[in-house]
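>>> Predicted model, plus sequence, below.
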Amino acid sequence: MGVALTRAAQWTSAGSGTGTLEITPLNESLLNDIIKFVESFSSRHPQEAAFVFREPLEWKTQLDYSVFESGYEISATTVQSDERDKDDQPLLLLTASTIRVRSFGQLSRLLHIAMEKKLKEAQACLEANRDPIVKILGPGYGTIEGEDMSMLRLLDRVRKGGDPDTEIKMKIALLLQQLDMQLLNSSLKHISQEVRLTPAAVKNEVDLLKHFSGEGENTVLESLEYTSDYEFSNGCRAPPWRQVHGEICYLIVKPHDTDPLYITCSTAGVFLNGGRGKEKDDIDYERKSDVYKDLITFLRERSAKFVENIVKQDYTFFEEPTYEKHYRHMEIVDAEDLGQSQKFHDYSEKNAFERTKSPPVKSKPIDKKLEPSLKWKNVGPYKSFFSYKERGKEKHPQKLSESTGTVSYCAAELINKVSEKSDEISESSSESEEDEEQPERHQEGNTDLPSEYWQIQKLVKYIKGGNQTATVIALCSMRDFNLAQETCQLAIRDVGGLEVLINLLDTEDIKCKIGSLKILKEISQNSQIRRTIADFGGLQIMVKILDSPDKDLKCLAAETIANVARFKRARRTVRQHGGINRLVGLLDCVPMGSANLTPHQEKDIEVARCGALALWSCSKSTKNKEAIRRAGGIPLLAQLLKSPHANMLTPVVGTLQECASEASYRLAIKTEKMIENLVKNLSSENEELQMHCASAIFKCAEDEETRDLVRHHGGLQPLASLLNNSENKELLAAVTGAIWKCAISRENVTKFREYRAIETLVVLLTDQPEEVLVNVVGALGECCQEPANRAIIRKCGGIPPLVNLLTGTNKALLVNVTKAVGACATEPENMMIIDRLDGVRLLWSLLKNPHPDVQASAAWAICPCIENAKDAGEMVRSFVGGLELIVNLLKSENKEVLASVCAAITNIAKDEENLAVITDHGVVPLLSKLANTNNDKLRHHLAEAISRCCMWGSNRIAFGETKAVAPLVRYLKSNDTSVHRATAQALYQLSEDPNNCITMHENGVVKVLLENCG
């Protein structure tokens, strides 16, 4: 059962915790099989059903006291079974909502009592007891990767006799193993047929159905809406506490022929939920139907009208809009050409919405046929679209001009939507924003276009054809529109206005330039417009404008560059055309804080602010960071950092924190005395500024002197205070990162303890995104180096969430959490909690992680666990295959892994029986192979491991035979005293073999030892 729960069952976790069983058909099937097994256990195996578990299975139950009747003693606060063990303890005990069961007999009775709630009870039991076999039979039977030796040990005990329960244990173990195989086989059948949904797949399907929904008899649905407009960064709309159950979003669907349907979309599929409660935002999440593989399949089962309309052949959804003397033409082209954006130089000044004087022209015949997505190939509306060849000639006899392109915007957009797999933009570098080109998105049709669209297009015509005065008036009129609205932005683009605006930047008229830049600054917030500006060479012209004597022009050009340079190609263009040097030059203005500024000086400061904004966008490129440094930007940024204004500080600090990823900038931030101003601005009321300051400190505080400066300037208290702002996750991630790095210095840890930051960090161990958790755990790992803080973490209940985080998959988080758990384990009281929560087993399982950093960190954490565990030898032996696993890690090529494993072997070898086992696994030759190393850290722990391993059998002789002695002598020439100490101990143990003494003498050990004695 343990293997099936580990490998087959579908678990989920939201950033932290041990996770829960997802509500999936596979999990339901597994739970039902387990319930059948337990329910029939008493009747089929009465002797084994009476066996008392090693530890009780404990979980939170939903059962009321009243359901227990005969066979139970019921009081006001507890329910106890009449059936008891030899110590007169009840085999079932219910206190408050916590139930403890200690035999299969009682488990079987409980499931019969639970009736319709048995599935929930089984789920809760398994979620609370992830490896139930350990509690039933003991830790020696736990689930662990590798060869399971537990049955062989049981056989040995049966032969020896003495324990009356051994035979029963063996039967139970065999029955559970048989159940495990049954569950695994069952799960394989489910998995082979299962398709998991993703947020992106659900969104595509919903968007597609929305396109065909609305009023009218032939639409597939009346309406389809999300219950929440907020979309999380992972694409889900379900609240975080439901995402842990695999749920993605909730929909309200109104078919033509049924009542509204309240639907849950989850990773396992689509199903009906309980609908909304009395409050609008309350949703009954309970599943009320079967699970379907997708939304279309679900609706086919629920609505006959949906099925009827989706297969209709009428051309309903793609009719072209008709305007007087306004015609559009559509042709089908090669499928391979559809994904390519039309280039703007393919457009003439005429466009699809202008009147035409050309005579009617018949549509070109279609030579190639497009294939629809397999999923929608048989859906009626798409059939109509793909049979457009026969219908197009009748409906659309005219076309506007050849320059409008060969594909209707509507058709191209439709095919993009129908495609089952949409192209995803992947970032190929560390640069965080829009690094790759994106497909162009066109207006789908013009039936619903607002009047502003047409008015803006008329204004563009005036700009094209008018004189200077008319152009200025048209530019001013255009600014009266809401240019932040996408319709207005696309209206300018669609009529060829972008090219005109960029051309105006090359004129001599200042007013035309200013008007054009003001419009470009507004509309360049749109990602497609940004790319078009770059395509038309707008960045090169704006870079030249930075040399203009007119300060208004400089400001507008810099602000527009700041908007456009949000993708990789644009940033490169700015650098290649000398933009970085010019932008750095804009930063040179009067000293910040100067009193009685003249209007001229105030304008200089505004120019500097705009220059900083542009540099902020450009600084996301590594080459641009170096260009800013070479251009002398660091001292100018340091000067601007003294500004009292947040609108100036935000781009300046944003640029600095971007550049702080480079060592040269971190050194400059320290030497230019910027830490004081960064600390000062942590107390700003602007959260964005606080976030950038904390992020800069996070990146710079790797340096000890910088950490001391943060403390010296009073930066630790505002950092601790900002931990209370847990709503702003970006700010919280930056602040916890700064605290983590500052906590590397012990003096800072003392201050954080005074400010009660450790207690707040413990609270943040749950319900936080991974980027916050990595930093929180890192900070606690540093704080745990002091005994007082380890006690604080224990008293605040921090150890269980730390142990729970060991089940995660994030590499950085695992490295930090193993360090924190290992530090906590140095306290015996903490170690008892870690052991009780099965933390050592979780640490041991991380030795199988593919990342060497995780392996090393886990091995270091295991060392204090072994040192402080009550019965460490037996605990280690209970991990089936565990000793072989750690010995095999000596074959690693990573020095840190090798050093940590040697340290762990030193502790394991303190137990004679464990030393015998690892000797059988070949620890001696593997340690000997590592002897010729120059790494002092590895030398230290290797010498200790050799010293310990010498204490079994003929290991001393074996070390000599495998040539480990001579290299050890050379260790005594190291400059590290800890290496000397460990080596002397190893040589002492090895010297008990005469042959080893000869080898030592031949390698000059006497002289070196005498020198060390002196």
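It's in.
>>> Assign a three-state SS to residue 231, would you?
Using DSSP: H, G, I helix; E, B strand; the rest coil, the structure places residue 231 in coil.
>>> Okay, buried residues for the longest helix along the chain please.
Longest helix in the chain, counting residues (DSSP state H): helix 166-193. If you call a residue buried by 16 or more other CB atoms under 10 Å, then helix 166-193 has these buried ones: 166, 168-170, 172-173, 175-177, 179-180, 182-183, 186-187, 190. From N, CA and C alone the C-beta is placed, and that goes for glycine too.
>>> got it, and stretch 34-52?
34-35, 37-39, 41-42, 45, 48-52.
>>> just to revisit the earlier point, avg pLDDT for the longest helix of the chain?
Mean pLDDT, helix 166-193: 78.
>>> other SSEs contacting that helix?
helix 2-3, helix 25-39, helix 46-49, helix 132-137, helix 150-160 (3 or more CB pairs under 8 Å, 6 or more residues apart in numbering; DSSP states H and E).
>>> contacting residues for residue 827?
Applying CB atoms under 8 Å, 6 or more residues apart in numbering, we find residue 827 in contact with 787, 790, 791, 794, 868.
>>> Now do residue 196: how many residues are near it, please.
14 (other CB atoms under 10 Å).
>>> Please name the spatially closest residue to it (chain neighbours excluded).
Spatial nearest neighbour of residue 196, excluding adjacent residues (CB to CB, 6 or more residues apart in numbering): residue 267 at 5.2 Å.
>>> quick one: that neighbour and residue 245 touch, right?
No. Using CB atoms under 8 Å, residue 267 is not in contact with residue 245; the gap is 9.2 Å.
>>> pLDDT weak spots in the chain?
Flagging of the chain using pLDDT under 70 yields the residue ranges 1-19, 22-23, 142-164, 190-195, 278, 280-281, 312-448, 466, 590-595, 1014.
>>> ranges for the strands of it?
Under the criterion DSSP state E, strands of the chain are mapped to 11-12, 20-21, 57-60, 72-74, 78-81, 92-95, 98-101, 223-226, 247-254, 261-266, 269-272, 275-276, 283-284.
>>> where does the residue nearest to residue 832 when sequence neighbours are not counted fall, phi/psi-wise?
Counting by CB to CB, 6+ apart, residue 832 lies nearest to residue 870, which is 7.8 Å off, once chain neighbours are set aside. Backbone torsions of residue 870, given as degrees, to the nearest 10, read phi -70, psi -50.
>>> domain assignment for the chain?
3-149, 199-314, 922-1013 (the TED database).
>>> To residue 769, which of the ones you listed lies closest?
Comparing the domains of the chain against residue 769 with CB to CB, the closest turns out to be domain 3-149 (5.6 Å).
>>> ok, and the closest non-adjacent residue to residue 635?
residue 672 (6.4 Å).
>>> related to what we said a few turns ago, out of the domains of the chain, which gets nearest to residue 762?
With CB to CB as the yardstick, what comes closest out of the domains of the chain is domain 3-149 (12.2 Å).
>>> quick one, what contacts residue 866?
872, 875, 876, 904, 907, 908, 910.
>>> Also residue 608?
Counting by CB under 8 Å, 6+ apart, residue 608 has contacts 586, 587, 588, 589, 640, 648.
>>> can we see that at 7 Å?
Going by CB atoms under 7 Å, 6 or more residues apart in numbering, residue 608 touches 586, 587, 589, 640.
>>> How about residue 652?
If a contact means CB under 7 Å, 6+ apart, then residue 652 has 612, 637, 640, 641 as its contacts.
>>> again, only this time at 8 Å
612, 637, 640, 641, 643.
>>> Just among the residues you listed, which is most surrounded?
Result: residue 612 is most packed of those (other CB under 10 Å), 31 neighbours.
>>> Hmm, that residue is touching residue 648, no?
Yes. Counting by CB under 8 Å, residue 612 touches residue 648, with 7.1 Å between them.
>>> which neighbours do these two share?
Shared contacts of residue 612 and residue 648, counting by CB under 8 Å, 6+ apart, come down to residue 640.
>>> any idea how far residue 951 is from residue 906?
With distances taken as CB to CB, to the nearest Å, residue 951 is found 11 Å from residue 906.
>>> So these two - more neighbours on which side?
Taking other CB under 10 Å, residue 951 and residue 906 do not tie; residue 906 has more neighbours (22 against 13).
>>> Was I right to think the more buried one contacts residue 948?
Yes. Counting by CB under 8 Å, residue 906 touches residue 948, with 5.1 Å between them.
>>> one step back: can you tell me which of the strands of the chain is nearest to residue 139?
Using CB to CB, the strands of the chain put strand 57-60 closest to residue 139, at 14.9 Å.
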